[in-house]
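Trainee: Let's see this in three dimensions:
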Amino acid sequence: MEMLGSGKLVQLLVVALLAALTLADSQCGRLEEKLMYTTAIKTEPSEMPWIGLLAEDKGGHYEKAGCSVVIVNELHVLTTASCMKPFKTRSGNTNAVVLLGMYDSNLTPGDELDCNSLGFCTPRPVPRIVNRITVHPNSDKDTGDYNLAVLRLSEPVKWNNWIQPICMQGGSEPESLINRNLHYAGFNSGDSRKGKGLAMTVSRRKCKSLIAGTESILPPEYQLCGFPAKRTKYFPGAPLMDVDVQRDVPHSFYLVALLVRTVDSGDATTQIYQDVRQARSWIMEKSATK
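Mentor: Modelled structure (predicted):
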């Protein structure tokens, strides 16, 4: 009998592992504590598996729209309302697609695995057509507030190690988000790999001083400013996350805001986020719709 080469054997083992992981129960906001305390600016392939990319269906190929999405449940993802401008908003024919299970934006969807020179393999992105776009009813085009949209997928996604939901709420949340070092992650135009970082949330007074000298206006009531450790510009829709701690152990990430824009001023880069806490009941209501 012909012996399998090491590369083929690795691929077969990975396929078996993927099949097993597909059947595994999902945990929202899954985290590995060891990955939180590094200086890495790129995620591991299965790290933060609730982040995907928005794309436009061009009839045979997908053109990426420069926006991230966040998985809420098997049928719904969340992004910013401003990311919906290029798309049709009527149900059933939105020409929008989301690519999930993605850690490298250069990869195209397909059944085959993506393997590197060491034989480490990961699945390719999973596309899902968006058949309904629901923009928050209080979305304000003038001020930019309530910049949120729930997207319903044409068919549910299956949970595996690379596709899982974010937690929408923590067990014990602080009243204020100001002066907190929070996690963010997503995609950017400077690197195809999914990145991550930390941002210190700042007061509105500090935000005003950070964006002084630009044409940018102060964010509206339910938006907040973050001062990132790195100046990389992430796509809108990138989640800002806090950590739910249970019994003195980091348990899961939960969503507190979505990135809506980035402002450069001198030596400072400021991230402006849409706070989702006031909109959680609306998000859950629209995400419960089958």
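
Trainee: N106 reaches D191, doesn't it?
Mentor: No: with contact defined as Cβ atoms under 8 Å, N106 does not count as touching D191 (10.0 Å). Every residue, glycine included, has its C-beta placed from N, CA and C.

Trainee: what about the two, which has more around it?
Mentor: Neighbour totals were compared for N106 and D191, and D191 leads with 14 against 9 (other Cβ atoms under 10 Å).

Trainee: which residues does the more buried one contact?
Mentor: Neighbour list for D191: K42, T232 [criterion: Cβ atoms under 8 Å, 6 or more residues apart in numbering].

Trainee: Tell me how far it lies from M284.
Mentor: Distance from D191 to M284, counting by Cβ to Cβ, to the nearest Å: 33 Å.

Trainee: Number of residues surrounding R152?
Mentor: A count of nearby residues for R152, using other Cβ under 10 Å, gives 20.

Trainee: Helices of the chain, start to end?
Mentor: Secondary structure of the chain (DSSP state H): helices located at 6-22, 33-36, 204-210, 280-287.

Trainee: Give me the contact list for the shortest one.
Mentor: With contacts defined as Cβ under 8 Å, 6+ apart, helix 33-36 is touched by T43, E44, E47, H183, V243, V249, P250.

Trainee: again, only using 6 Å
Mentor: For helix 33-36, the external contacting residues (Cβ atoms under 6 Å, 6 or more residues apart in numbering) are E47, P250.

Trainee: How far does it sit from its chain's centre?
Mentor: Taking Cα atoms, centre = their mean, to the nearest Å, one finds the center of helix 33-36 at 18 Å from the center of the full chain.

Trainee: pLDDT of that helix, averaged?
Mentor: Helix 33-36 carries an average pLDDT of 89.

Trainee: likewise the third one?
Mentor: For helix 204-210, mean pLDDT rounds to 92.

Trainee: same question, the last one
Mentor: Per-residue pLDDT values across helix 280-287 average out to 96.

Trainee: can you give me how far it is from the chain middle?
Mentor: Distance of helix 280-287 from its chain centroid, counting by Cα atoms, centre = their mean, is 17 Å.

Trainee: buried ones in that helix?
Mentor: By neighbour count with 16 or more other Cβ atoms under 10 Å, helix 280-287 contains the buried residues W282, I283, K286, S287.

Trainee: Tell me the one of those residues nearest H136?
Mentor: Set against H136, the nearest of the buried residues of helix 280-287 by Cβ to Cβ is W282 (6.3 Å).

Trainee: one step back: I'd like the buried residues of helix 280-287 as a markdown table, with distance to P127 appended.
Mentor: Listed next are the buried residues of helix 280-287 as a markdown table, based on distance: Cβ to Cβ, whole Å:
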| residue | distance to P127 |
| --- | --- |
| W282 | 27 |
| I283 | 23 |
| K286 | 22 |
| S287 | 20 |
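
Trainee: Nearest to Q27, out of the residues you listed: which one, please.
Mentor: For those, the residue nearest Q27 by Cβ to Cβ is S287; the value is 17.7 Å.

Trainee: residues in contact with the nearest residue in space to the closest one that is not next to it in sequence?
Mentor: The shortest distance from S287 to any non-neighbouring residue, by Cβ to Cβ, 6 or more residues apart in numbering, is to H76 (4.1 Å). Counting by Cβ under 6 Å, 6+ apart, H76 touches V150, R152, S287.

Trainee: can you tell me which of these lies nearest to A257?
Mentor: Within the contacts of H76, the smallest distance to A257 is 15.6 Å, found for V150 (Cβ to Cβ).
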